[in-house]
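Undergrad: Here is the input, now give the coordinates:
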Amino acid sequence: MKYFEYLYATLAVMAMIFLVTEYDRMTTNTMIPLLIAMVLFGFMFSYRRRRRIAFEKELEEDMRKLEEEIAKDPEV
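TA: Numbering: from 1, shown residues only. Sure thing, here's the model as predicted:
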């Protein structure tokens, strides 16, 4: 799951490339959903990345606390 967020970044880049290469042949009705998709993919990339980093930081903090507890009372 660590690299799942890069799927969203890849999809956003692919949508942008498609928009740039097919711009001359597209109508406004096809550009708007493509732009919405690009924004959505970009948002999902940043959201998932922020959540993963926060989760890893929280997990690291919990592990540090457990190690401190074990160091204080090795009989547990």
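Undergrad: so which helix or strand takes in the residue nearest to Ala15 when sequence neighbours are not counted?
TA: Spatial nearest neighbour of Ala15, chain neighbours left out: Met38 (4.7 Å); criterion: Cβ to Cβ, 6 or more residues apart in numbering. Where C-beta positions appear, they are placed from N, C-alpha and C, glycine not excepted. Taking DSSP states H and E as the criterion, the element that holds Met38 is helix 28-72.
Undergrad: Give me the packing partners of that helix, helices and strands only.
TA: Under the contact definition 3 or more Cβ pairs under 8 Å, 6 or more residues apart in numbering; DSSP states H and E, helix 28-72 sits against helix 5-21.
Undergrad: returning to what we had before: tell me the average confidence for the helix holding Met38?
TA: The pLDDT scores in helix 28-72 average 94.
Undergrad: That helix vs helix 5-21, what angle?
TA: Relative orientation of helix 28-72 versus helix 5-21 (axes from the mean of the first three to the mean of the last three Cα atoms, to 10 degrees): 160 degrees.
Undergrad: residue contacts, the residue nearest to Ala15?
TA: Applying Cβ atoms under 8 Å, 6 or more residues apart in numbering to Met38 gives the contacts 12, 15-16, 19.
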